[in-house]
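S.K.: Need coordinates for the below:
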Amino acid sequence: MAATTILQSSIFTDFAFPFLLVFFILFGILEKLKVFGDDKHMLNAMISFVVGLIFVAAVFPKAIVGNLILFLTVAIVVVFIALLLWGFMVGEIPKIPKGLQAGLGIVVIIAVVIAVLWAMGIATNTFDFLFNSSWSSSFWTNFAFIAVVIIGMAVAIGGSKGGSH
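M.R.: Alright, predicted model coming up:
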């Protein structure tokens with residue numbers, strides 16, 4: 001069993017973290033919008049403090065925000081990984097064609113989706129369904145053939161449009 005840290009204590013997870021989150025977000029919004037006027041830092045802080053205390057007293061909104069924050073952190077990591085892969089693939093290439101960029105973007109999206117499925121633990125079932133079923137061999141053969149034909153047609157049509165100008 002993993003050891004619990006002080007940051008996992010219910011005092012922090014049920015009260016301190018949600019309070020600080022709401023307090024700082026609301027304070028930042030009030031400071032930026034200047035709802036109560038310029039240089040009203042103390043008033044903004046007191047309103048944020050009271051709203052934060054009211055927020056931690058309510059159970060259901062706190063659970064919703066907790067779930068949304070968990071989703072947000074996972075989404076941020078997924079987007080970061082996608083941008084990291086995109087940067088490795090396209091990074092400092094001076095003039096990469098738009099078609100190749102789109103193709104690489106599709107590859108990055110597929111890779112990230114597969115990585116997320118794998119990380120969630122459902123990739124094994126999905127992989128078995130897609131590649132180890134009775135129908136999968138003929139499906140993927142036909143899919144690859146059709147994809148090659150479509151890519152060939154796109155290159156031929158794109159080449160003939162560029163050459164006729």
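S.K.: Low-confidence regions, the protein specifically.
M.R.: Low-confidence segments of the chain (pLDDT under 70): 1-2, 93-94, 159-165.
S.K.: For it, give the helix that spans the most residues.
M.R.: helix 59-90 (DSSP state H).
S.K.: Show me which positions of that helix end up buried.
M.R.: 62, 65, 81, 82, 85, 86, 89 (16 or more other CB atoms under 10 Å). C-beta coordinates here come from the backbone N, C-alpha and C atoms, glycine included.
S.K.: Tell me who's in contact with the second one.
M.R.: The one in question is residue 65. By CB atoms under 8 Å, 6 or more residues apart in numbering, the contact set of residue 65 is 18, 21, 22, 55.
S.K.: Let me see the ranges of the helices in this protein.
M.R.: Listed in chain order, the helices of the chain (DSSP H) span 10, 17-33, 41-57, 59-90, 98-120, 123-131, 136-163.
S.K.: Redo those as CSV? Include distance to residue 3.
M.R.: CSV is the format used below for the helices of the chain (distance: least, CB to CB, whole Å):
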stretch, distance to residue 3
helix 10, 16
helix 17-33, 19
helix 41-57, 26
helix 59-90, 21
helix 98-120, 24
helix 123-131, 30
helix 136-163, 44
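S.K.: any idea how far residue 82 is from the residue nearest in space to the middle of the chain?
M.R.: By CA atoms, centre = their mean, the chain has its centre lying nearest to residue 75, at 2.8 Å. To residue 82, residue 75 is 10 Å away according to CB to CB, to the nearest Å.
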